[in-house]
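Participant: sequence and predicted structure below; questions after.
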Amino acid sequence: VQLQASGGGLVQPGGSLRLSCAASGSIFSINVMGWYRQAPGKQRELVADITKVGSTNYADSVKGRFTISIDNPKNTVYLQMNSLKPEDTAVYYCNVAILRPGLRYNYWGQGTLVTVSS
């Protein structure tokens with residue numbers, strides 16, 4: 001599985017950005033698509049993920065501000081980020097997972113930097 005992410009950049013507090021991540025390769029095996037982020041000096045954390053049938057999961061810190069969606073025909077996952085805060089500044093990584101009984105195979109995109117600053 002190969003992932004191509006885009007959409008990061010610099011935005012002022014309160015602004016919006018949309019991240020996109022397109023998957024290619026063995027896409028028929030993908031069960032979950034999502035976004036993680038890693039801020040300087042911190043561990044990588046889940047932001048949001050979504051299953052192929054549309055079940056979503058969000059970190060508490062982004063609930064009500066971020067929306068994850070999936071376009072299955074395009075094998076693309078989106079993260080709409082509204083009301084951005086400086087603490088949202090991080091490198092955002094696209095993730096897809098292939099699930100098997102007792103196993104999770106993760107694939108990662110190259111990371112896209114989101115900077116929230118005035």
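Facilitator: Yes, it's here.
Participant: may I see the buried residues of the helix or strand containing Ile50?
Facilitator: Ile50 is part of strand 45-51 when elements are defined by DSSP states H and E. Residues of strand 45-51 classed as buried: 47-51 (neighbour count, 16 or more other Cβ atoms under 10 Å). Where you see a C-beta, it was placed from the backbone N, CA and C, and this is true even at glycine.
Participant: please apply the same query to stretch 109-118.
Facilitator: Those buried within stretch 109-118 under the rule 16+ other Cβ under 10 Å are 109, 111-112, 114, 116.
Participant: which of those fall within strands?
Facilitator: If you go by DSSP state E, the buried residues of stretch 109-118 have 112, 114, 116 in strands.
Participant: what is the nearest of these to Gly9?
Facilitator: Set against Gly9, the nearest of these by Cβ to Cβ is Val114 (7.0 Å).
Participant: list the residues that contact that closest one.
Facilitator: Contacts here follow Cβ atoms under 8 Å, 6 or more residues apart in numbering; on that basis Val114 touches 8-9, 11, 17, 19, 37, 81, 84, 88-92.
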